[in-house]
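Asks: Pasting the sequence and the predicted coordinates here, then a few questions.
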Amino acid sequence: MIRAALLAAAAAIAIPAAAQEARQTANFNAPVKSFGRVSYDARSLMIDGKRTIIWSSEMHAFRLPSPDLWRDVLQKMKASGFNTVAFYFDWGFHSPKQGVYDFSGIRDVDRLLTMAEEEGLYVITRAGPYVNAELTRGGFPGWLVNQRGRARTDDPEYLAASDEWLTRINAIIARHQINGDGKGNRGNVILHQIENELALTTPAQRRYMDHLYAKARADGINVPLFHNDQGRNGYWVPEDSKVEKTVPGPNDMYAFDGYPGGTCTVNGKPTRGSAAPDWGYYGPGGAKGGASASPNTPGFLAEFGGGWFDYWGSNGGYECNAIQRGKRFQRVFYGTNLANGIGIQSFYMGFGGTSWGWLPAPVVFTSYDYGAAFSETREVRPKAEELKQLGGLIAAVPDLAGMVPAGPVQISTDKVQVYHNKSPETDARFLLVTHKPSNGQTSDRFTVTADLPDGRYTLPMQLDGFDAKWLVAGVNLGGQRLVYSTSELQTLLKQDGGDIALIYGREGEAGETVLRYASAPKVTVLEGGATSTFDSAKGDLKLNYAHRGLTRVRISGGGRPDLLLLIGDEAEGAKFWHVGDVLVRGPALVRSAKIKGSALALTGDTREATPLEIWAPASVRNISWNGARVTGASLPGPADFSLPALTDWRVSRGSPEAAPDYDDRDWAKIDNRPYASITARADGQPNMLMDAYGFHEGDVWYRGRFTGTPDAQRLRLHYGAGGSGLVQVFLDGNLIGQDEIPAGLPRPLTTGAPSFALPDAAHAPREHVLSVMVRNNGHNWDLDADDFHKEARGLVSASIEPIAGPSFSVPIAWKIQGRAGGEDIADPVRGVPNNGGLDGERRGWHLPGFDDRGWKRYTVPGNQAPSGTIWLRTSFDLAVPKGQDATIGLAFGDTSKPRSPNAYRVLIFVNGWNMGQFIAHVGPQRVFPLPEGILNHRGRNHVALAVTADGVRGNGLEQVKLVTLRNVRGGIPVRMVAAPSTPSELKQVD
Ligand code: IPT
């Protein structure tokens, strides 16, 4: 009642042109819904009854196959101000075969969820069955493409399959819920997603959604359930929403995703072509409009652009993406979301990682860096520093959770708008000051006049270029009363009975902060410059200063606890870390701060020798940093180290499958098994698809025998091979041609229909062997729920025919071979994504312990690679200094260019792990970061490269070298991921 009255009063005030007006929004009278410790109303999520902003970002553990490093990423997220992490789980990553599931080692979801809890993060779980995520098949397992039943419907065959997965993944998640599982297990999972972007809404999908909801509940998931809508369409909103044109579903909460705000140009420049949308309180309302398609549930972005993916053949977009959706963008867009009542925001991605092996969908290459806050190399990007400042504010001012529009303010320019919100409980204010439209780039000096809780005030403001300011006013900060500040608050802590507040602003800009006192306090400027005046009538202490370096002001007396006010420019603010009960200035990262008696133990990273300053309780007498006693005022940086050159290469001729006398006795015969693909094929054709034979990942070989005839003039193929996929065709051991699927920006083509002229040799009336290798660069996603993941892979059809004359084709007897064991994988440790079906892989040539002493020497660069695939191997030692965390990568050729004039491809195996694919002439990725744990940083390593080319002169492997991509002193202990080393350690599957 009171809330409604407040809103009505706000609406009655005359609205100046440039102010933001709230419209049809949420139902602030909606009752609180509770799911154990998690509850919500239309304004916010609550945890243990406390309104909480969920400030989250996404990581995919399956994109970092070194579990110890999951903790590194989680610590960086936490230190950078996030209170929550969102996890997708990839069904196909865990299931090589129907009925077979693996949650061990790099697939240990239980361990991941425990780690997130240990690092103090809430968790949002997104378990599919379908996730998209630029994964092959959008996360569906390989075996699912053989299913005739339509995926993402209530087809019983599909439901039986997805239930297999859900039963297992839900059992793990259930143990980690904040509500516990009723059996004594408990963790930090607060929200759970049951499907992703299901934009088809026929009754078959509705029944499917109902099934998923019931399944999660039956499996013991007791937190609120939601679906992630592909944009704010109003699909699958809670039943009680009753907003026109929305589609109701069984969900408790409504969530959607969005990636607005422009793109990067082909020249790698960020565009600022669109303003931040009002997807809530300030939007037009309704299903396609305002807060709400779902008026009774809080604003919830299950994904919001934290970067973007990059595709085969681009010019390399990740650095641009990091800027495009980086500093300033985050303030403008994430701030606009927050002002619009979207108190649950999860940025996709926080850490993108690596689509190693055969994880990638055709739309992406190996690196899934995403331009995220934490790079693929695990670097804390500058945009993460800004997130730390924003997350710091959210943590410092709990009143921000559940704010509602507070009515307009007056602005002296129409180039600027202010979103003005308030807490109905405390009347604290949030003012988001941004351009109008918010992508405006002008430089403006102006005033904002507002009726704030402590009176009517005029704030002198400045906004230069694309930017926003997140201001708070009328708020109690510890023992202080902040009337307003034109600086932004980064963090606040109580220490020894006093308060420390860190505020910051753009370098060189003037700032003004007003604090309220009972009587004139004593103001001491300890460093830098600030002036103060005291208005005894109001009790206002006004401080004026410029944001330049660090200004320190001590304020004591005046009827309040002592305040140390730290005023930094933006870069200065970024040097501060508030961890636990301490504030630390200097290091590149502070991971943890533990006080035990008089000892303070800090852990973190330095990029260089770094001055260290600490604000800790007076009881702290001694301090350690990464276990070593801190004596001086500075911390050492990392030592340089050198990397060995990669020499001593050994080679083995590959593509033995092409040789006429190759022994294919064990290969499967192509037959007429059921065909489940969406790709049409001619009647009467056998089923040639690789998946039908249990080969879902990577390369597959076909051998076809036919009797030579003058009619054998050309070979026509229809094949599917994903983004920048490849087919190579050999006749009697000689390459007669290859076909590559063009990159097709930005959405790849995925199938091809080439035709190859056959040499006269094919006319000789004897048995000939056609050998065809198809490199499958991933199955399609199923974004539109149309079974797109069932597009054909491998050969669809092949015919040998005369060029002119009657339609006639020469009979061919085909066989097929793929990865060892098919769905019974030979290397369950490295798992589903690691291997395809090259002969070398089947023999374990990629493994570190393979004995290559019999192989010939080879020189890299190799001007000419023979046609087909050759295998190269070498080994090297690393000696990264102890106590340092580095990211080392493998670089091919001239890394200043996105692609090479040489046409060739490389599968990169490091210590047996398939760490990606380099396609020299397609690009753009030339540098492949290798996570520690896969790479042995203090010992021996083995690299095996499967290099595929057409045999044309010049199309040979360029220089290959190790490069240091990041080097800090610090890090966390990382163990090598145990995995089979020699071929004999693989499971005997054939
Ligand atoms: C949406 C998906 O939910 C997510 O899985 C991922 O694919 C992401 O965005 C893009 O990286 S897809 C949607 C924006 C069409």
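Replies: Nice, I can see it.

Asks: domains in the protein, as residue ranges please.
Replies: Using automatic domain parsing, the domain parsing of the chain gives 36-380, 403-587, 655-817, 838-985.

Asks: Mean confidence (pLDDT) on the last one, please.
Replies: Throughout domain 838-985, pLDDT has a mean value of 96.

Asks: For it, what is the distance to the chain centroid?
Replies: 24 Å (CA atoms, centre = their mean, to the nearest Å).

Asks: Can you get me the start-to-end distance on it?
Replies: Separation of the first and last residues of domain 838-985 by CA to CA, to the nearest Å is 18 Å.

Asks: what about the stretch 201-350 of the chain, any weak spots by pLDDT?
Replies: Applying pLDDT under 70 to the stretch 201-350 of the chain flags residues 285-292.

Asks: Residues of it that sit close to the ligand?
Replies: Applying CB under 6 Å from any ligand atom, we find that the stretch 201-350 of the chain lies next to the ligand at Asn228, Gln230, Asp257, Tyr259, Glu303, Phe309, Tyr348. For the C-beta atoms, the positions are set from N, CA and C on the backbone; glycine is no exception.

Asks: if we take the residues you listed, which one ends up nearest to Trp358?
Replies: Of all these, Phe309 has the smallest distance to Trp358: 16.7 Å, by CB to CB.

Asks: okay, now the closest one: neighbour count?
Replies: 25 (other CB atoms under 10 Å).

Asks: Quick check: it vs Ala322, distance?
Replies: According to CB to CB, to the nearest Å, Phe309 stands 13 Å off from Ala322.

Asks: Equivalent analysis for Ser900, please.
Replies: 25 Å.

Asks: just Ala468 next, same as before
Replies: Counting by CB to CB, the gap from Ala468 to Ala322 is 19 Å.

Asks: re the thing from before, of the residues of the stretch 201-350 of the chain next to the ligand, just say which sits nearest to Ala743.
Replies: Using CB to CB, these come closest to Ala743 at Phe309, 14.1 Å.

Asks: Does that closest one touch Val364 like I think?
Replies: Yes - when contacts are counted by CB atoms under 8 Å, Phe309 is listed as touching Val364 (5.1 Å).

Asks: Could you tell me which residues touch both of those two?
Replies: Common contacts of Phe309 and Val364 (CB atoms under 8 Å, 6 or more residues apart in numbering): Glu134.

Asks: circling back: quick one: which of Ser900 and Ala322 has more around it?
Replies: More crowded of Ser900 and Ala322, by other CB under 10 Å: Ala322, with 26 against 19.

Asks: Contacts only, for that one.
Replies: The contact partners of Ala322, by CB under 8 Å, 6+ apart, come to Gly307, Gly371, Ala372, Ser375, Arg381, Lys383.

Asks: related to what we said a few turns ago, restricted to buried residues, select the residues of the stretch 201-350 of the chain next to the ligand in PyMOL.
Replies: Selection of buried members from these for PyMOL, criterion 16 or more other CB atoms under 10 Å:
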select buried, resi 228+230+257+303+309+348
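
Asks: I'd like to know which of the residues of the stretch 201-350 of the chain next to the ligand is nearest to Leu550.
Replies: Relative to Leu550, the closest of those is Tyr348; by CB to CB it sits at 34.4 Å.

Asks: Give the helix, strand or coil label for that closest one.
Replies: Assigned by DSSP: H, G, I helix; E, B strand; the rest coil, the conformation of Tyr348 is strand.

Asks: If I follow the layout properly, it ends up in contact with Phe304?
Replies: Yes - with contact defined as CB under 8 Å, Tyr348 counts as touching Phe304 (6.9 Å).

Asks: Overlap of the contact sets of those two?
Replies: Residues touching both Tyr348 and Phe304 (CB under 8 Å, 6+ apart) are Asp257.

Asks: what's in contact with the host helix or strand of Gln917?
Replies: Secondary structure from DSSP states H and E places Gln917 in strand 913-919. Here strand 913-919 makes contact (CB under 8 Å, 6+ apart) with 65, 312, 354-358, 365-367, 724, 777, 830, 833-835, 846, 890, 892, 905-909, 925-926, 928, 930, 934, 979.
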